[in-house]
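Student: Model the structure of this input:
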Amino acid sequence: MSLIIAYIGKKGCVMTGDKRKIGYFGDKQNLAQLEKELYEGIISSDEEFSKRAGELGISIKISDDASKLKIVGNTVRGEVSTKGTFETKRRRIYGTTNGYQIVELLGSEQKSRKAGEKGVIIFGNNYAKKLAQALIQKQWKASQSLKYMGEVFEQILAEVASKTPTVGDKFDTLIQQPKFNPSQAQQHLNLTIDNDIKVLVKFRQDLTEKLVQQSIAIDMANKIIDKGDVGKVVSVDGNMLYVQLNDKTQAMDGNWKQLAGPGQNVLMFTESTDVKIGDKVVIEDENLCLKKNKSPLTCDIILCSL
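Tutor: Prediction:
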């Protein structure tokens with residue numbers, strides 16, 4: 001759900017893109033029907049879109065705050081993306097003076113990459129592209145400044161947005177105009193794109209690791225013991241106790257790393273003077289204590305079941 005128009009030439013690169021993002025939830029077959037009507041131009045407004053989605057039992061969320069353009073090095077990058085079940089498909093255009101490259105990615109893996117020197121490039125669904133192309137043919141004047149071209153692109157996007165809800169009515173326009181000849185442009189694009197994709201790979205790796213850690217944290221949080229036996233006292237030294245964990249208990253740190261497993265000892269503290277080796281340690285009403293007299297205990301660990 002996007003429309004991006006880019007001009008690349010000897011003056012530089014100007015790119016305009018809308019900020020619309022649409023999320024769906026519902027029956028796949030009905031969703032396919034809704035998208036078909038959208039992309040064929042049968043649905044022409046946000047109101048019609050919401051009404052038709054309701055008729056088909058599809059929940060939609062429309063926002064106009066997604067930034068699809070970015071300055072990367074001496075280039076402007078535009079991206080449209082589609083989220084699948086397992087991977088995100090990305091189509092990117094990188095433009096600079098006298099050169100551009102179009103890159104298609106699945107996740108962070110390159111599927112295709114092609115280069116050009118100049119032209120007007122349009123990213124979007126077929127219906128939105130067709131509307132934009134007709135308007136460009138009417139309004140285009142290549143002799144004008146990049147700033148003027150950007151203003152024309154915004155006017156075109158606004159008109160397209162009035163005819164299809166796949167395009168929003170808020171836009172970004174970015175311009176870059178370094179002094180590159182065609183050869184220098186492609187050299188710069190190659191370096192910029194390779195580095196940008198490396199950043200994407202690192203981002204995806206970090207995100208995957210974060211999601212794994214979140215999953216582990218959720219899993220372990222569900223295992224925190226709030227009731228029952230956890231072990232027995234095996235050593236007493238003043239207010240310090242060593243407690244041997246039973247065969248169903250493990251001790252974790254704040255990052256959910258195991259510090260002690262079943263049968264191993266952990267350090268706890270008490271203010272009671274009536275503690276003996278062999279005393280049972282329990283959790284009652286979410287409080288850690290000695291079973292025999294409910295004397296409270298403290299520790300710097302998280303007690304979890306296996």
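
Student: CA atoms for contacts and neighbours, from now on please.
Tutor: Noted.

Student: Select the longest helix from the chain.
Tutor: helix 182-221 (DSSP state H).

Student: and the worst-scoring helix or strand of the chain on mean pLDDT, what does it pack onto?
Tutor: Ranked by mean pLDDT, DSSP states H and E, the weakest helix or strand in the chain is helix 182-221, scoring a mean of 80. When contacts are defined as 3 or more Cα pairs under 8 Å, 6 or more residues apart in numbering; DSSP states H and E, helix 182-221 packs onto strand 88-96, strand 99-106.

Student: Output those strands as CSV; include the columns mean pLDDT.
Tutor: Shown next, in CSV, are the helices and strands packed on helix 182-221 (pLDDT from 0 to 100):
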stretch, mean pLDDT
strand 88-96, 92
strand 99-106, 93
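
Student: For the stretch 1-150 of the chain, which segments count as helices?
Tutor: Counting by DSSP state H, counting those that start in this stretch, the stretch 1-150 of the chain has helices at residues 28-39, 46-55, 126-139, 146-161.

Student: which of the helices and strands packed on helix 182-221 sits most buried?
Tutor: Per residue and on average, the most neighbours among the helices and strands packed on helix 182-221 fall to strand 88-96, with a mean of 24 (mean count of other Cα atoms under 10 Å).

Student: before we move on, the earlier item: the inter-axis angle of the least confident helix or strand of the chain versus strand 99-106?
Tutor: 30 degrees (axes from the mean of the first three to the mean of the last three Cα atoms, to 10 degrees).

Student: Can you name the element that comes right after helix 182-221?
Tutor: Sequence-wise, the next helix or strand downstream of helix 182-221 (DSSP states H and E) is strand 228-237.

Student: which parts of the least confident helix or strand of the chain are buried?
Tutor: For helix 182-221, burial by neighbour count (16 or more other Cα atoms under 10 Å) applies to 182, 185-186, 188-190, 192-193, 220.

Student: Then stretch 24-44?
Tutor: Buried residues in stretch 24-44 (16+ other Cα under 10 Å): 31, 34, 38-39, 41, 43-44.

Student: which stretches of the stretch 151-300 of the chain have low pLDDT?
Tutor: Scanning the stretch 151-300 of the chain for pLDDT under 70 picks out the ranges 203-209, 211-212, 216-217.

Student: go again using 90 as the cut-off
Tutor: Applying pLDDT under 90 to the stretch 151-300 of the chain flags the ranges 194-227, 237-239, 252-258, 271-274, 284-287, 300.

Student: Which helix or which strand is home to the residue lying farthest from the centre of the chain?
Tutor: Distance from the centre of the chain peaks at residue 274, with 55.1 Å (Cα atoms, centre = their mean). Using DSSP H and E, residue 274 maps to neither a helix nor a strand.
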